[in-house]
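Novice: Mind folding the following:
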Amino acid sequence: MTEAESRKNNEKGLKELNEGIFDQAIISFKEAIKSPNLSTETRAQIYRNIAQTFSEKKEQDSSIYYSQYAANCYERNSYEYLVNVADINLWTGKTKEALDNLNLAYDKNPNEVEVNNSLGLIYLGDYGIEFLDAKKALKYNQKAFDINKDRITEDVLGRNYFELGDYNSAEKHFEKLSVEHPDILPYKLNLGMIKFKLSKRKEADNLFDIVVKADSNMIYTIKAFKDEND
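Specialist: Sure thing, here's the model as predicted:
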């Protein structure tokens, strides 16, 4: 397999990852990594893509495994090394260490999606409520979205606006995500919550009905949300 063919499989995997087809994305990435002729940069990027896909699947042990492979492809303390080690820090509960590595990476290259995405998630409270600073998070999440307008960065940006109480901006992003990815249930749940906050109760209830029909256990999450926000 040539590097061009591997890159094609990698692009296929990225498309599948963006569409939420995680198992197929992993197959495509693993097919891409088979070539013995890959450049170090391409091999490391594919390893990182596999790690990110396993993270989406909440399979953190596999995420850590492939992130370590990705980090080992780079010179120690390079931007790429630092962001991959930071991923390992985050997936092993070492948020402070991750923040230290990400700040070093940001100083080296503030215009890459990886470092902005990870910093944005930390300050959104995803890796510890003690790090929550939604205003600070917006700087990084907006930049990550501006660099790479994909499903993942738009989801995080929409959640950031929700956390800030900017429900109109959050609605815009989750309306788009719900249309483009109708099978990803959390987008409909989030959109329903946003509609509820905007006093669009009929639209919210229609979305909640769709969510509960797909997963009956979500009725408890929705009831708790309504009780807290009525």
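Novice: Work out which residue lies at the spatial centre of the protein.
Specialist: residue 152 (4.3 Å; C-alpha atoms, centre = their mean).
Novice: for it, what are its contacts?
Specialist: 18, 56, 117 (C-beta atoms under 8 Å, 6 or more residues apart in numbering). In short, each C-beta sits where N, CA and C put it, glycine included.
Novice: And it, what's its pLDDT?
Specialist: Per-residue confidence (pLDDT) for residue 152: 92.
Novice: Where does it fall, secondary structure wise?
Specialist: Element membership of residue 152 [criterion: DSSP states H and E] is helix 151-164.
Novice: list the buried ones in that helix?
Specialist: 151-163 (16 or more other C-beta atoms under 10 Å).
Novice: tell me the domain boundaries of this protein?
Specialist: 1-73, 75-149, 165-230 (automatic domain parsing).
Novice: Tabulate the ones you listed (TSV), appending mean neighbour count.
Specialist: TSV is the format used below for the domains of the chain (neighbours: other C-beta atoms under 10 Å):
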stretch	mean neighbour count
domain 1-73	18
domain 75-149	19
domain 165-230	16
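Novice: Throw those domains into a markdown table and include mean pLDDT, thanks.
Specialist: Shown next, in a markdown table, are the domains of the chain (pLDDT from 0 to 100):
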| stretch | mean pLDDT |
| --- | --- |
| domain 1-73 | 90 |
| domain 75-149 | 96 |
| domain 165-230 | 96 |
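Novice: My guess is residue 13 contacts residue 25. True?
Specialist: Yes - the criterion here is C-beta atoms under 8 Å, and residue 13 meets it with residue 25 at 4.6 Å.
Novice: now the helices for the protein?
Specialist: 3-18, 22-32, 40-56, 60-72, 79-91, 95-108, 113-123, 134-147, 151-164, 167-180, 185-197, 201-214, 218-229 (DSSP state H).
Novice: which residues touch residue 118?
Specialist: 83, 86, 87, 90, 98, 102.
Novice: Ok, residue 159 next?
Specialist: With C-beta under 8 Å, 6+ apart, residue 159 has these contacts: 124, 170, 190.
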